[in-house]
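1. could you work out the structure for the sequence below:
(one chain, ligands or ions: 2)
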Amino acid sequence: MKQGISLFSFTDSTDVRWMFEHAKKAGYDGVEPVMSENGYLNPSTPEKDILAMRRMAEDMGLEIPSVGVWSLWENNLVSDSPAIREKAFGIVEKQIEAAHLLGADTILVVPGYVGCSFASKPEKIRYDVAYARSQEAAHHKHFRFTLTTNGVLLDDEVTEFCNREMHNVVLSLDGRKAVHDRLRKNYAGQGSYDLIVPKFQRFVQQRGDRDYYIRGTFTHENTDFTNDIFHMADLGFTELSMEPVVSPPGEPWALTEEDLPVLFEQYEILAREMLKREEEGRPFTFYHYMLDLEGGPCLHKRMSGCGSGTEYLAVTPWGELFPCHQFVNDPAYSMGDVWKGVTNTTMGEKFHRCNVVANPACRDCWARLYCAGGCAANAYHASGDINGTYEYGCELFKKRIECAIMIKAAQAGRPR
Ligand code: SF4
Ligand code: SF4
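-> Numbering: from 1, shown residues only. Ligands and ions are numbered 1, 2, ... in the order given. Coordinates of the predicted model:
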């Protein structure tokens, strides 16, 4: 077995010849030069100097099997800062080039750290973010993080983290104070509206042009939900979404058949008000009215929906895999875990077959290529089968698409 010494054992300002001679004298077969910011081997070291280092080692009978690194302790490959990550990738590239010139076939890469006791300014990075970033290069993927928050613990530190790391942030607000506070209470029974609205306003101000959504839920108790959407818009928020509650019948907040005509009218009021506000120069976006009539998703996405159980899985904190968050804790829908992967492949196939072609109700539905078969979880909770139909949801969905098309038609008919 051959033995080598990393030149990490010396300082990076030590003379290279001196280090090689001492390594040889000590009986080592090889040496590992280390790349650092300003040392004898740095990202700017000229090619001729690196080749001279190689010849010096060969003349002394020393091998150079690998190139180490110090700079990646100062420039973390999983840094929260994109600029530092880019610099760190550049360092690895330089290491590879240096290794090639030195005849080494191995480089040491520090794939990322979450804290470090010996770097001069070590960043503290969350484990999950560091792990995902370290996997990006290996799998040629880019991870996009999204955070959903009820706002209670939103402070400047969380805001700064979100603005660095989160591709999108969903802020939960149900609308008017009385509506919001009815269901969103703390342990003392107090509603959170007064606490979170100023935080959300500050957050959105600091968010700049990055994506966010204010998302609420309407129930039987606020079927006039457009007033909640307009309230959010009047608070200064422009990216809005409002979902109908999905709840077992009989709950006080569950939507009823009698509510349907009211809700249809509400969606029409919303569409008209959006057009009006747009003309007045104070537009806002409503997630369900975002419709691309010329492009939009590919045919596969239009037929197979959200991808739950096939292209998309929920991972629990204990590592178990489910088709989506709505199935978590239902043992019948457990698909495997992060250690063994997807072991319940039958479930994957079942979700694969859950599409607009397989579902008889969808086959004849005019909205099928906008809807892609609806939400499997809602279908399951309403009918007991993911291939079933949540008819109430279908009615609301079709009304929303009708209104979205009406908005497009109205916009197209405006004088240019
Ligand atoms: S609206 Fe209902 S019936 Fe129509 S495609 Fe969607 S899930 Fe199927
Ligand atoms: S909740 Fe419904 S739409 Fe969302 S991921 Fe699950 S199945 Fe898909």
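
2. CA atoms for contacts and neighbours, from now on please.
-> Will do.

3. buried residues, the worst-scoring helix or strand of the chain on mean pLDDT. List them.
-> In the chain, no helix or strand scores lower on mean pLDDT, DSSP states H and E than helix 299-304, which sits at a mean of 74. Buried positions in helix 299-304, judged by neighbour count with 16 or more other Cα atoms under 10 Å: 301-304.

4. likewise for stretch 309-317?
-> Applying 16+ other Cα under 10 Å to stretch 309-317 flags 309-310, 313-315 as buried.

5. repeat for stretch 383-401
-> Neighbour-count burial for stretch 383-401 [16+ other Cα under 10 Å]: 386-390, 393-394, 396-401.

6. nearest to Tyr40 among those residues?
-> For the buried residues of stretch 383-401, the minimum distance to Tyr40 (Cα to Cα) is 63.5 Å, reached by Ile386.

7. in this structure Gly151 contacts Phe200, no?
-> Yes - counting by Cα atoms under 8 Å, Phe200 is a contact partner of Gly151 at 6.9 Å.

8. tell me which of those two has more neighbours.
-> Comparing Gly151 with Phe200 by other Cα atoms under 10 Å, the one with more neighbours is Phe200, at 24 against 20.

9. work out for me the element the residue lying closest to Thr223 once chain neighbours are set aside sits within.
-> Nearest non-adjacent residue to Thr223, counting by Cα to Cα, 6 or more residues apart in numbering: Leu263, 6.3 Å away. Assigned by DSSP states H and E, Leu263 falls within helix 259-279.

10. for that helix, which helices and strands make contact with it?
-> With contacts taken as 3 or more Cα pairs under 8 Å, 6 or more residues apart in numbering; DSSP states H and E, helix 259-279 sits against helix 226-234, helix 391-412.

11. can I get the first one in CSV, CA atoms only?
-> Which is helix 226-234. C-alpha atoms of helix 226-234 as CSV (Å, rounded to 0.1, in the frame of the first residue of the first chain):
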residue,chain,number,x,y,z
THR,A,226,-65.9,37.8,-3.4
ASN,A,227,-66.1,40.4,-0.5
ASP,A,228,-63.1,38.5,1.0
ILE,A,229,-61.2,38.6,-2.3
PHE,A,230,-61.9,42.3,-2.7
HIS,A,231,-60.8,42.9,0.9
MET,A,232,-57.5,41.2,0.2
ALA,A,233,-57.0,43.3,-2.9
ASP,A,234,-57.9,46.4,-1.0
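
12. between helix 259-279 and that helix, find me the angle.
-> 30 degrees (axes from the mean of the first three to the mean of the last three Cα atoms, to 10 degrees).

13. which strands or helices does helix 226-234 pack on?
-> strand 239-244, helix 259-279.

14. what does that helix rub up against?
-> 174-176, 214, 240-242, 266-267, 269-270, 284 (Cα atoms under 8 Å, 6 or more residues apart in numbering).

15. and that helix, what's its mean pLDDT?
-> For helix 226-234, mean pLDDT rounds to 98.

16. in this structure, which residue sits nearest ligand 2?
-> Cys375 (3.7 Å; Cα to the nearest ligand atom).

17. picking up where we left off before, list residues touching both of Gly151 and Phe200?
-> In contact with both Gly151 and Phe200: Leu171, using Cα under 8 Å, 6+ apart.

18. what is the mean pLDDT for stretch 151-165?
-> 91.

19. what of stretch 1-19?
-> 88.

20. tell me the contacts of the residue nearest to Thr223?
-> 223-224, 396 are the contacts of Leu263 under Cα under 8 Å, 6+ apart.

21. please apply the same query to Glu37.
-> 43, 70-71.

22. wait, is it part of a helix?
-> No - under DSSP: H, G, I helix; E, B strand; the rest coil, Glu37 falls outside any helix and is assigned coil.

23. would you mind measuring from it to Glu123?
-> 18 Å (Cα to Cα, to the nearest Å).

24. cool, Leu291 as well?
-> For Leu291, the distance to Glu123 - Cα to Cα - is 42 Å.

25. out of those two, which sits in the more crowded spot?
-> Ranked by neighbour count (other Cα under 10 Å), Leu291 and Glu123 place Glu123 first, with 19 against 15.

26. which non-adjacent residue is nearest the more buried one?
-> Nearest non-adjacent residue to Glu123 (Cα to Cα, 6+ apart): Gly115, at 6.2 Å.

27. interface residues of the stretch 301-416 of the chain facing ligand 2?
-> Counting by Cα under 6 Å from any ligand atom, the residues of the stretch 301-416 of the chain close to ligand 2 are 306, 308, 324, 326, 375-377.

28. who touches Gly236 in this structure?
-> Gly236 is in contact with Gln201, counting by Cα under 8 Å, 6+ apart.

29. look up phi and psi at it.
-> phi 110, psi 0 (degrees, to the nearest 10).

30. do the same with Glu251
-> Torsion angles, degrees, to the nearest 10, at Glu251: phi -70, psi 150.

31. same question for Val69.
-> Dihedral angles (degrees, to the nearest 10) for Val69: phi -150, psi 140.

32. isn't it up against Met35?
-> Yes - applying Cα under 8 Å as the test, Val69 and Met35 come out as touching, 4.6 Å apart.

33. wait, what's in contact with Ala379?
-> Contacts for Ala379 (Cα under 8 Å, 6+ apart) come out as 385-390.

34. er, Asp15 I mean
-> Counted by Cα under 8 Å, 6+ apart, Asp15 has contacts Tyr40.

35. spell out which parts of the stretch 51-200 of the chain neighbour ligand 2.
-> Going by Cα under 6 Å from any ligand atom, none of the residues of the stretch 51-200 of the chain are near ligand 2.

36. spatially central residue in the chain, please.
-> Phe145 (2.0 Å; Cα atoms, centre = their mean).

37. what sits closest to that residue if chain neighbours are left out?
-> Using Cα to Cα, 6+ apart, the closest residue to Phe145 is Met166 (4.8 Å).
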